[in-house]
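Sequence first, predicted coordinates after that:
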Amino acid sequence: MKKPLIIAGVEIEQGQSCQLELPVAKLYTNTEVAIPVHVIRAKRSGPTLFVSAAIHGDELNGIEIVRRLIKQPPQLIRGTLILVPMVNVYGVLNQSRYMPDRRDLNRCFPGSAQGSMAGRLANIFITEIVKHCDYGIDLHTGAIHRSNLPQIRADLGDEETLKMAESFGVPVLLDSTVRDGSLREAAVRRGAKVLLYEAGQALRFDELSIQMGLSGIQNVLSQLGLVRKKRARKKIEPFVANRSDWTRASASGFVHEFVQLGSQVEKGEVLAEINSPLGELIQQVVSNRAGIIIGKQNIPLVQEGDAMFHIAYFGEADDDVFEHIEIMHEQVMPVSTSMARPEP
């Protein structure tokens, strides 16, 4: 039996694709605000997957990933793909992580129809989108002035979720428990298997992060059987980090870094120096263990206690992880090729 799919009062039949707007609320100016949604349905029944971006309004990489998916849509052989380029439309308008009520939308799920603005938006997204879905991929970036190496965070203790994470095609997997109030927690509670993709930094497009996210979604669609399997490029082996920690500033001052995102570091290695405005060395920042830099602060100013380098630990597999990070960089097409200037 064909499964009906109704979003915002619009019924989308199998074999159809459509774009619609999911009404949320009005601004002070009486301007309607709506979440844009793009739906692709195959003629054959199958699982439904949502891809969401910009739950934090300053996280823009995911918007571009979804735009490229819409521009060159996957050829589904079964099932349904629901693409949501902007969940927190308010935040995108204001180039802000948060909602206008200063709430973090990703701590407000599942929300309430009678709650705050953030709670109402969360409730709408759950009742109109997530309730239809068996799987989900939520796209994120680092916070303001922070960058993340492309990585997947998920409940890797769940066998089906682990298979999705491994198929995505990034070197770093973090076994991450769900956070209270997050979209991932609310979706998992409703039976969906969800991956969280972290890559890049806020308010910037990063081509490595975008291309890896795009290929990762296509890999998951293939693994779930929604699209035909394609000949894979050189395989990027995923590795599960057994632990990750932030190395923090032990003093305040100006930062001179010696490592980059994706660098392999050894125990006792100097990661950065903290200097006074007059150039005097105040403190060295040293790695406590061997590992891989999967996140870092970008602004060259720190206060004592600030998080500076996010290091993932893989034990004896560090060398292998670094090798596959290099493979990941090699697979990124130049911007001039992937985004050629159109004819006028």
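Perfect, I can see it now. Numbers count the residues shown, from 1 in each chain.

ok, how many other residues are close to R228?
Using other Cβ atoms under 10 Å, R228 has 11 other residues around it. Yep, even glycine has a C-beta here, placed from its N, CA and C like the rest.

So it: helix, strand or coil?
Three-state call for R228 (DSSP: H, G, I helix; E, B strand; the rest coil): coil.

For stretch 34-52, buried residues please.
35-42, 46-52 (16 or more other Cβ atoms under 10 Å).

Cross those residues against strands and list the overlap.
Using DSSP state E, I35, P36, V37, H38, V39, I40, R41, T48, L49, F50, V51, S52 are the members of these that sit in strands.

And the residues you listed, which is closest to Q331?
Closest approach between those and Q331, by Cβ to Cβ: V51, at 20.6 Å.

is that closest one in a bridge, and if so with what?
L83, I137 (DSSP bridges).

ok, now L196?
D138, R153.

you'd agree it is up against H140?
Yes - in this structure, L196 is within contact of H140 by Cβ atoms under 8 Å, at 6.2 Å.

for the stretch 201-344 of the chain, what spans make up the helices?
207-223, 318-330, 335-338 (DSSP state H, counting those that start in this stretch).

how about those, which one is nearest S244?
The nearest among the helices of the stretch 201-344 of the chain, by Cβ to Cβ, is helix 318-330 at 12.2 Å.

by contact count, what packs against that closest one?
helix 207-223, strand 239-241, strand 264-265, strand 291-297 (3 or more Cβ pairs under 8 Å, 6 or more residues apart in numbering; DSSP states H and E).

switch to 7 Å and redo it
strand 291-297 (3 or more Cβ pairs under 7 Å, 6 or more residues apart in numbering; DSSP states H and E).

ok, and what's touching the strand it packs on?
Identification of contacts with strand 291-297 by Cβ atoms under 7 Å, 6 or more residues apart in numbering yields 142, 145-149, 151, 172, 244, 259, 261-265, 306-314, 318, 321-322.

sorry, back to before: I'd like the helices of the stretch 201-344 of the chain as JSON lines, with distance to E185 and mean neighbour count appended.
Shown next, in JSON lines, are the helices of the stretch 201-344 of the chain (distance: least, Cβ to Cβ, whole Å; neighbours: other Cβ atoms under 10 Å):
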{"stretch": "helix 207-223", "distance to E185": "20", "mean neighbour count": "22"}
{"stretch": "helix 318-330", "distance to E185": "28", "mean neighbour count": "16"}
{"stretch": "helix 335-338", "distance to E185": "34", "mean neighbour count": "10"}
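
Could you export those as CSV, including mean pLDDT?
Formatted as CSV, the helices of the stretch 201-344 of the chain follow (pLDDT from 0 to 100):
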stretch, mean pLDDT
helix 207-223, 97
helix 318-330, 92
helix 335-338, 52
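
Export those helices to a markdown table and append columns for distance to R103.
Output for the helices of the stretch 201-344 of the chain, formatted as a markdown table (distance: least, Cβ to Cβ, whole Å):
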| stretch | distance to R103 |
| --- | --- |
| helix 207-223 | 26 |
| helix 318-330 | 35 |
| helix 335-338 | 35 |
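
So which of the ones you listed is nearest T31?
Comparison of these against T31 by Cβ to Cβ identifies helix 207-223 as nearest, at 29.9 Å.

Strand 48-53 and the closest one, what's the angle between them?
170 degrees (axes from the mean of the first three to the mean of the last three Cα atoms, to 10 degrees).

Spatially nearest residue to V172 (excluding sequence neighbours)?
Leaving aside its sequence neighbours, V172 sits nearest to Q151 (Cβ to Cβ, 6 or more residues apart in numbering; 4.1 Å).

Would you agree K234 is in contact with I327?
Yes - applying Cβ atoms under 7 Å, one finds K234 in contact with I327, separated by 5.9 Å.

rewinding a little: give the ChimeraX command for selecting the buried subset of the contacts of strand 291-297.
A single ChimeraX command selects the buried members of those (16+ other Cβ under 10 Å):
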select :142,146,147,148,149,151,172,244,259,261,262,263,264,265,307,308,309,310,311,312,313,314,318,321,322
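
Strands - which of the contacts of strand 291-297 land there?
Those of these lying in strands (DSSP E): 146-149, 151, 172, 244, 264-265, 307-313.

returning to that earlier point: now, among the ones in strands among the buried residues of stretch 34-52, which is nearest to A187?
Comparing those against A187 with Cβ to Cβ places F50 closest, at 8.2 Å.

got the contact list for that closest one?
I82, V84, I129, V130, C133, G136.

give me that answer again for 10 Å
F50 makes contact with 37, 39, 80-84, 125, 129-130, 132-138, 183, 187, 192, 194 under the criterion Cβ atoms under 10 Å, 6 or more residues apart in numbering.

that older thread, the residue nearest to V172 reaches I236, doesn't it?
No - judged on Cβ atoms under 10 Å, Q151 makes no contact with I236 at a distance of 12.0 Å.

list the residues that contact both of these two?
Joint contacts of Q151 and I236 (Cβ under 10 Å, 6+ apart) are F168, V170, P171, M212.

Which of the residues you listed are buried, as a PyMOL select command?
Burial among the shared contacts of Q151 and I236 is assessed by 16+ other Cβ under 10 Å; the matching PyMOL selection reads:
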select buried, resi 168+170+171+212
